[in-house]
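Asks: What follows is a predicted protein model with its sequence.
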Amino acid sequence: MNDEELSGRLREAAEAHRPDRARMLARIERGMAGGRPAPRSVRPPRAVRPWLRVAGATAAVCGVLAAGAFAATSAGDDGRARGGRVASAPSVTAKAPHSPAAKAPLRPEDGPLWTGGVVDPHSNAYWAQSNVTLRTTEPLSALTVELRVAQTGGVNSTGSWRSLPEPDFTVSVDESGGFLVYRWTLRPGRTVPAGTHTFAGQYNHAEGDRDATGDTVTAHAVRASGGEAAVGDRFGRSR
């Protein structure tokens, strides 16, 4: 069979074919009756619920406040670790009264008396303690010690203490001329024995390192044997 005969037979077969239209429609109907599978639902990405974000933020804030409260409590309660007993300071008044210690020259030594000022190493970025050391080789029948803390920002008293007996002194804390002034005055009839004694003023200040180069301490004393002595010192830079 040649190509021409093969082609002729294929045409005859094609013309003779008649598709079964009814069967085809039946197949289509069965397919439609089965239905398409429902599309799979897609769950959107899980979002952080607003109340969770609020709770997280609240927890963070509470953590910061708790840390701050712990630091402040540690600073206020650890007076003995800083050299002595913590005592509450009296109310601050508007103006400091006249004091002979304020006129004392800034020289560390005069006769039997010596003084020096330093910022306590336990001070931090929010709170500080200024330590005053006073040495005398003779008993004193009168004494006034004055610590002047420069107002470098946010400076306010949180207390004071001294190593000598509390009933022997009157204490005042005043603001005057840009300074927070602590003053310890020996009561009449009391005596300061020979030896080394400590006076300290405690205060908050603005956050950060505080420059204490403007702070001073002065002391004016009367010796039990007679005669006066006046000394003073400047502080260095503190935290």
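Replies: Thanks, I have the structure now. Source: prediction; values computed, not measured. Numbers count the residues shown, from 1 in each chain.
Asks: Please enumerate the strands of the chain.
Replies: In the chain, the strands defined using DSSP state E lie at 109-110, 113-119, 127-136, 140-150, 156-162, 169-176, 179-186, 195-204, 216-223, 228-234.
Asks: Touching the shortest one from outside, list them.
Replies: Counting by C-beta atoms under 8 Å, 6 or more residues apart in numbering, the neighbours of strand 109-110 from elsewhere in the structure are Ala229, Ala230, Val231. C-beta here means a position set from N, CA and C on the backbone, and glycine is covered the same way.
Asks: So, low pLDDT: which residues of this structure?
Replies: Applying pLDDT under 70 to the chain picks out residues 1-4, 6-105, 237-239.
Asks: Now with 80, please.
Replies: Scanning the chain for pLDDT under 80 picks out 1-106, 236-239.
Asks: My read is that Thr158 contacts His205, right?
Replies: No. Using C-beta atoms under 8 Å as the test, Thr158 is too far from His205 to be in contact (10.1 Å).
Asks: Overlap in contacts, these two.
Replies: Trp127.
Asks: Who has more neighbours out of those two?
Replies: Counted by other C-beta atoms under 10 Å, Thr158 and His205 do not tie: His205 has more neighbours, with 25 against 18.
Asks: check contacts around that one.
Replies: Taking C-beta under 8 Å, 6+ apart, we find His205 in contact with Tyr126, Trp127, Ala128, Thr152, Gly153, Gly154, Val155.
Asks: which one of those residues has the most neighbours?
Replies: Ala128 leads the contacts of His205 on contacts (other C-beta under 10 Å) with 24 neighbours.
Asks: I figured it was touching Ala206, is that so?
Replies: No. Using C-beta under 8 Å, Ala128 makes no contact with Ala206, being 11.0 Å away.
Asks: Flag every buried residue along stretch 212-229.
Replies: Ala212, Asp215, Thr216, Val217, Thr218, Ala219, His220, Ala221, Val222, Arg223, Ala224, Ala229 (16 or more other C-beta atoms under 10 Å).
Asks: rewinding a little: return the member of the contacts of strand 109-110 nearest to His197.
Replies: Using C-beta to C-beta, Val231 comes nearest to His197 of the contacts of strand 109-110, at 12.9 Å.
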